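Student: need a 3D model of the following:
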Amino acid sequence: MSVEHASMRIIDGYARGDEDIAADEVWALEAHLETCRVCRDRLSAAVASQVPAVAALVGTVWSDLGPRLAAATPVPRRRYRSAWLSRWLTPTMVPWLAMAVSVTLLALLLELAGTGTGTGEVSLVLLLAPVLPVLGVAASWSRGLDPAYELTASVPRAGLYLVLRRTVSVLAVIVPALLVGGWVTGVTAAQWLLPCLAFTSTTLALGGVIGVTRAAVALVAVWAAVIVVPTLAASRTSFALQTGGLPVWGLVLTLGIGVLIARRGAYSVLGAHE
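Tutor: Numbers count the residues shown, from 1 in each chain. Sure, this is the predicted structure:
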């Protein structure tokens, strides 16, 4: 496939339904056809010349469907803002994002009311920051929570491109709330931001192997057992959340991004929704 248009080899093979076309070429072609009228016209001509039976079937269906569509009541155009938001968010994400922000605010209120921010004391905001985005990421790409998951997984842009869009929308909501919480409680941004991003990238990396929801549940369980419970029991901040542990979080973030890039094709299958 060239930079500007798809090659005729791929278009002709796609029109004939050839099975020897690579899966990534098929997905790239379908994504390209969404925005390229020239290639859509070339595909239409290829179908008409190489598979006339399909062209005749489409013409028959359209001749029957066209008058019905013309007589149907047109649907009002969506506002630009709602159309733009629908590309980044899904309705199933809203309650999970609201819950994550509410948990952040509740942790902030409890910390200000009860523990303060003195040396050696546990910061609830810092303790919850790494796992809060994981909940939103799991909700944004979950087979069980999204009723339209099969339709979403079948579109050309349903791979890593869509996963990253939804992850960015999750972080765009949660990170500002954590930023305010960290500023009020005196926790430096690096202490919670690096673990937050590291957990998010690790969730996506594992999601390509075992499914996003399972990866999120596993990471939250490990975090609760290894960090949260011992930290609350000892009433002192774990080394993992101190400034000395930041290089480790940076390494985890780098590894997570590397695995995600290496296995980016895993999000083109339904298993990533589980």
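
Student: longest helix in the protein, by number of residues?
Tutor: Looking only at the chain and at elements set by DSSP state H, the helix with the highest residue count is helix 160-185.

Student: now do it: distance to the chain's middle.
Tutor: Computed by CA atoms, centre = their mean, to the nearest Å, the chain-centroid distance of helix 160-185 equals 12 Å.

Student: equivalent analysis for stretch 94-110, please.
Tutor: 20 Å.

Student: what's next to it, contact-wise?
Tutor: Residues outside stretch 94-110 that contact it (CB atoms under 8 Å, 6 or more residues apart in numbering): 124-125, 127-129, 132-133, 135-136, 138-140, 170, 173-174, 177-178, 180-181, 184-185. Quick note: C-beta positions are derived from backbone N, CA and C, even for glycine.

Student: quick check: buried residues in that stretch?
Tutor: If you call a residue buried by 16 or more other CB atoms under 10 Å, then stretch 94-110 has these buried ones: Trp96, Leu97, Ala100, Val101, Val103, Thr104, Ala107, Leu108.

Student: now swap in stretch 50-62 and tell me
Tutor: Per 16+ other CB under 10 Å, stretch 50-62 contains these buried residues: Ala55.

Student: do the same with stretch 167-181
Tutor: Along stretch 167-181, these residues count as buried under the neighbour rule (16+ other CB under 10 Å): Thr167, Ser169, Val170, Leu171, Val173, Ile174, Val175, Ala177, Leu178, Gly181.

Student: what's the most distant pair in those residues?
Tutor: Largest separation among the buried residues of stretch 167-181 by CB to CB: Thr167 and Gly181, giving 20.5 Å.

Student: okay, angle between the very next helix or strand once past the longest helix of the chain and helix 160-185 too, please.
Tutor: Next along the chain after helix 160-185, taking DSSP states H and E as the criterion, comes helix 189-210. The directions of helix 189-210 and helix 160-185 differ by 150 degrees, with axes from the mean of the first three to the mean of the last three CA atoms, to 10 degrees as the criterion.

Student: nothing else from me, thank you.
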